[in-house]
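Student: Sequence plus predicted model, see below.
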Amino acid sequence: MNAVIDRELVQGHLQKAPLPVDPVEKEAKKTRIKNLLKEKGAVLVAHYYTDPVVQELADETGGFIADSLEMARFGARHDAETLIVAGVRFMGETSKILSPEKQVLMPTIEAECSLDLGCPVEEFSAFCDQYPDREVVVYANTSAAVKARADWVVTSSCALDIVESLDAQGKAIIWGPDKYLGSYIQKNTGADMLLWDSSCIVHEEFKAKGILDLKQVYPDAAVLVHPESPDSVVDIADVVGSTSQLLKASQEMSNNTFIVATDRGIFYKMQQASPGKRFLEAPTAGSGATCRSCAHCPWMAMNTLDALLECLESPSELNIIEVSDSLREDALRPLQRMLDFTAAN
């Protein structure tokens, strides 16, 4: 089963990408945002895929840069009454699930995720209902409603271990929504898995041939690949892992050059951690394309300085994340099950 992503809508978001900001104007906006964060007792948590200027702000204001689950866990630990979540909608929802007593704001809740959009809860629930004896395992890149329908929520860091554990218990699995990550897990665990047919619009565009061509130019480069990528790309990787795992690999490996098959937003942290190393975007298109590598989420790009300013100055319904108590309780159960599993293993 799958849901069709509106590619024209995605292209529309791409066409609205922010224009370059004058350096003086940029600094003035950053200063205003910093002051507003202090005034409102708020903390900024940003995903690795947001614009470097947003990640800089998080660094400079005592905020946090991480993947979606760690963003939410940091927010739950922090004493700020307001969380500003720079990412996409499901990340704001996850933060609200773990911090129901806090106000959770986003630069815009119109920032979506193709995996979330590709897994509508009504269709996914109907699919699950056909196989009542299977354990439902969903990736964190899903809505609160889909999480509430699941038995387990997993991240790309712990998915292999959790599915392996379920398989050892003899449990058959429904997996959603990313078919490439599901395929990777299935191959590595041998588990009985039914895969929902959806994908990340960024990671599915990486091309194995393009990476191999780039390797001809940089033969000593290590290839780092996120498992949301197609099988042919995963197969040629030196390291396959979550965003945080790829970041760690870039620091620990002796290579000086890396070809990175994930959103280029991660380069900010990779370069910060390893300033002497070179990071190359993995190709996403053929030589005749207008963009050799378009590896950036259009919805992540909606987290602009202007959007952050507006969110802090006058938050509206386009900024405020709400999750009902009943939905939160249902979504928290599979999330907590994952947290308990990772804490014990």
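Tutor: Structure received.
Student: Contacts for the host helix or strand of residue 311, please.
Tutor: Residue 311 belongs to helix 305-313 when assigned by DSSP states H and E. For helix 305-313, contacts defined as Cβ atoms under 8 Å, 6 or more residues apart in numbering pick out 18, 21, 26, 29-30, 32-33, 36-37, 40, 42, 44, 53-54, 57, 84, 86, 105-108, 319. The C-beta positions use only the backbone N, C-alpha and C, and glycine is treated the same way.
Student: Can I get that helix in PDB? Just the C-alpha atoms.
Tutor: The C-alpha trace of helix 305-313 is given here as PDB (Å, rounded to 0.1, in the frame of the first residue of the first chain):
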ATOM      1  CA  LEU A 305      15.100  33.400   9.900                       C
ATOM      2  CA  ASP A 306      12.000  35.300   9.000                       C
ATOM      3  CA  ALA A 307       9.700  32.400   9.900                       C
ATOM      4  CA  LEU A 308      11.500  32.000  13.300                       C
ATOM      5  CA  LEU A 309      11.100  35.700  14.000                       C
ATOM      6  CA  GLU A 310       7.400  35.700  13.100                       C
ATOM      7  CA  CYS A 311       6.900  32.600  15.300                       C
ATOM      8  CA  LEU A 312       8.500  34.300  18.300                       C
ATOM      9  CA  GLU A 313       6.900  37.700  17.800                       C
END
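Student: Show me which residues of it are buried.
Tutor: By neighbour count on 16 or more other Cβ atoms under 10 Å, the buried set for helix 305-313 is 305, 307, 308, 309, 310, 311, 312.
Student: what's the answer for stretch 241-261, then?
Tutor: Residues of stretch 241-261 classed as buried: 241-247, 249-250, 255, 258-261 (neighbour count, 16+ other Cβ under 10 Å).
Student: Next: stretch 203-222.
Tutor: Of the residues in stretch 203-222, 203, 204, 205, 206, 207, 208, 210, 211, 214, 218, 221, 222 count as buried by neighbour count, 16+ other Cβ under 10 Å.
Student: and what of stretch 187-204?
Tutor: 189, 191, 193-196, 198-204.
Student: roughly how far out does the helix holding residue 311 sit from the chain middle?
Tutor: Counting by Cα atoms, centre = their mean, to the nearest Å, helix 305-313 is centred 22 Å from the centre of its parent chain.
Student: what pLDDT, on average, does the longest helix anywhere in the chain get?
Tutor: Across the chain, the longest stretch assigned as helix under DSSP state H is helix 325-344. The average pLDDT for helix 325-344 rounds to 96.
Student: how far out from the middle of the chain is it?
Tutor: 19 Å.
Student: quick one: the strands in this protein?
Tutor: Per DSSP state E, the chain carries strands over the ranges 42-47, 64-66, 82-86, 103-105, 135-139, 152-154, 173-176, 193-195, 222-225, 239-240, 257-261, 278-281.
Student: So which elements touch the first one?
Tutor: Where contact means 3 or more Cβ pairs under 8 Å, 6 or more residues apart in numbering; DSSP states H and E, strand 42-47 is packed against helix 23-39, helix 52-60, strand 64-66, helix 68-77, strand 82-86.
Student: Would you mind finding the most buried of the ones you listed?
Tutor: Highest mean neighbour count of the helices and strands packed on strand 42-47: strand 82-86, a mean of 28 (counted as mean count of other Cβ atoms under 10 Å).
Student: what's the domain layout of this structure?
Tutor: The chain breaks down by automatic domain parsing into domains covering 7-111+300-325, 115-201+326-344, 203-281.
Student: before we move on, back to that, buried ones in the longest helix of the chain?
Tutor: Using 16+ other Cβ under 10 Å as the test for burial, helix 325-344 gives 327, 328, 330, 331, 332, 334, 335, 337, 338, 339.
Student: Test my guess that the first one contacts residue 148.
Tutor: Yes - with contacts defined as Cβ atoms under 8 Å, residue 327 counts as touching residue 148 at a distance of 5.7 Å.
Student: picking up where we left off before, same list (the buried residues of helix 325-344) but as CSV, adding distance to residue 237.
Tutor: Formatted as CSV, the buried residues of helix 325-344 follow (distance: Cβ to Cβ, whole Å):
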residue, distance to residue 237
327, 37
328, 37
330, 36
331, 32
332, 34
334, 29
335, 29
337, 29
338, 25
339, 28
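Student: Quick one: low-confidence residue ranges for the stretch 151-300 of the chain.
Tutor: For the stretch 151-300 of the chain, applying pLDDT under 70 flags the ranges 286-293.
Student: got the residue ranges for the helices in it?
Tutor: 159-168, 179-189, 208-217, 231-234, 243-252, 267-273 (DSSP state H, counting those that start in this stretch).
Student: Now pLDDT and distance to residue 131 too, for the buried residues of helix 305-313, in CSV please.
Tutor: Below are the buried residues of helix 305-313 laid out as CSV (pLDDT from 0 to 100; distance: Cβ to Cβ, whole Å):
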residue, pLDDT, distance to residue 131
305, 96, 46
307, 97, 41
308, 97, 43
309, 96, 47
310, 95, 45
311, 96, 41
312, 97, 45
